[in-house]
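Colleague: Output the structure for:
(one chain, ligands or ions: 1)
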Amino acid sequence: MISGGLGDIGKAAAHAMQRSGCRVSIGDVHPTSPAANGFHYHQVDVSNEASVVAWFDAVESHFGQTASVIVANAAIVIIGSVMTATVEEWNRTMHVNLTGAWLTARTGAQRMLAAGLPGRIVFVGSWAGHAPHVHIAAYCAAKAGLRMLAQTMALELADKDILVNEVAPGYVDAGLSGQFFKKNAGEAERARAVVPNKRLIEAEEVAQAIAYLCSPHHRNLTGSTLLIDGGLSLQHGREHRD
Ligand SMILES: NC(=O)c1ccc[n+]([C@@H]2O[C@H](COP(=O)([O-])OP(=O)(O)OC[C@H]3O[C@@H](n4cnc5c(N)ncnc54)[C@H](O)[C@@H]3O)[C@@H](O)[C@H]2O)c1
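Modeller: Residues are numbered from 1 along each chain as shown. Below you'll find the model as predicted:
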């Protein structure tokens, strides 16, 4: 099950996991989309508990079994100074990016435990949860919270063989950053110049990392973060654009 699976990274992850033999359900806020073709699709708002539970129910009834691989990927970003952000913007970001990821992962873990299944949970975090970035304070705070959530869940679920990890991408030339780059000429080049290895990341590279963490090819990785950011977070915010 991949939340936010109509987005660029989620879609790439859905295809990567399908190629690795998974039967995939995408959950996203939109009623439906051609991008969901070939996948089970359910409209879900991850920030709403009843909506998340309904998605899990729909998956169990469609596939006849409980999902054992969960990717909490859905997120939004609202750009603006920490000084001028509204309570509504702050809460919306927290509700989708942190509470929504928790609801998705928690419901998945509850169902796996009830079915006695081992499993894999992957949170899609961000380098911005590991280093500060101006003008997206709520996003940074939510993603930093996600990292601690992944670690605490990993600890609680380790003896049940449910492994919980995080993938934290840097500047991806797709999805949330890609939309920003398209609207703002020159920003992609400016971003690339800031990254220590001078590269933007492709959604497919993030998808491969998600698929690996979801795979049976590892048995002891839990509570870890795969930072895929070309060294961006190592600069600890010193080089960031404003
Ligand atoms: N693109 C980047 O540069 C980048 C960098 C670091 C981390 N990330 C993370 O990657 C993940 C995927 O983002 P993306 O870049 O593919 O962006 P995207 O906008 O293409 O995908 C996000 C998806 O989440 C969905 N979504 C939003 N609110 C939702 C809700 N309440 N319930 C269910 N679905 C909801 C959107 O409809 C969208 O399809 C996010 O967690 C994001 O924070 C992206």
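
Colleague: burial count for I9?
Modeller: 29 (other Cβ atoms under 10 Å). Where C-beta positions appear, they are placed from N, C-alpha and C, glycine not excepted.

Colleague: which SSE is it in?
Modeller: Secondary structure from DSSP states H and E places I9 in helix 8-19.

Colleague: now swap in A211 and tell me
Modeller: Per DSSP H and E: A211 is located in helix 203-214.

Colleague: average pLDDT across the biggest strand by length in the chain?
Modeller: When secondary structure is assigned using DSSP state E, the longest strand within the chain turns out to be strand 162-169. Across strand 162-169, the average pLDDT comes to 98.

Colleague: ditto for stretch 45-58
Modeller: Rounded to a whole number, the mean pLDDT of stretch 45-58 is 98.

Colleague: what residues does it touch?
Modeller: Applying Cβ atoms under 8 Å, 6 or more residues apart in numbering, the external contacts of stretch 45-58 come out as 1, 3-4, 25, 27, 29, 42, 44, 67, 72, 74, 92, 95-96, 99-101, 103-104, 107-108, 111.

Colleague: Show me what counts as buried in that stretch.
Modeller: 45-47, 51-52, 54-56, 58 (16 or more other Cβ atoms under 10 Å).

Colleague: same question, stretch 201-209
Modeller: Of the residues in stretch 201-209, those buried (16+ other Cβ under 10 Å) are 201-203, 206-209.

Colleague: ok, now which ones touch L232?
Modeller: Counted by Cβ under 8 Å, 6+ apart, L232 has contacts 127, 131, 170-171, 194-196.

Colleague: Now narrow these to whatever sits close to the ligand.
Modeller: Filtering the contacts of L232 for neighbours of the ligand using Cβ under 6 Å from any ligand atom leaves Y171.

Colleague: And the buried ones among the contacts of L232, selectable in PyMOL?
Modeller: The following PyMOL command selects only the buried members of the contacts of L232, with burial defined by 16+ other Cβ under 10 Å:
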select buried, resi 127+131+170+171+195
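
Colleague: Which of the contacts of L232 fall within helices?
Modeller: Secondary structure defined by DSSP state H assigns V194 of the contacts of L232 to helices.

Colleague: right, is the helix holding A211 up against the ligand?
Modeller: No: Helix 203-214 stays out of contact with the ligand when judged by Cβ under 6 Å from any ligand atom, the minimum separation being 6.5 Å.

Colleague: Helix or strand next in line after that helix, which one?
Modeller: Using DSSP H and E, the next helix or strand after helix 203-214 towards the C-terminus is strand 225-228.

Colleague: Average pLDDT for that following strand, rounded please.
Modeller: If you average the pLDDT over strand 225-228, you get 98.

Colleague: Show me which residues of this structure are close to the ligand?
Modeller: Residues of the chain lying close to the ligand by Cβ under 6 Å from any ligand atom are 3-4, 6-10, 28-29, 44-47, 73-76, 96, 100, 124, 126, 169, 171-172, 174-177.

Colleague: Can you name every helix or strand that the lengthiest helix in the chain contacts?
Modeller: Longest helix in the chain by number of residues (criterion: DSSP H): helix 137-157. Based on contacts counted as 3 or more Cβ pairs under 8 Å, 6 or more residues apart in numbering; DSSP states H and E, the elements that helix 137-157 packs against are helix 87-94, helix 100-115, strand 119-124, strand 162-169.

Colleague: contact partners of the very next helix or strand once past the longest strand of the chain?
Modeller: Once strand 162-169 ends, the next helix or strand along the chain (criterion: DSSP H and E) is helix 175-183. Outside helix 175-183, the residues within contact range by Cβ under 8 Å, 6+ apart are 7-9, 75-77, 79, 171-173, 187-188, 191, 200, 203.
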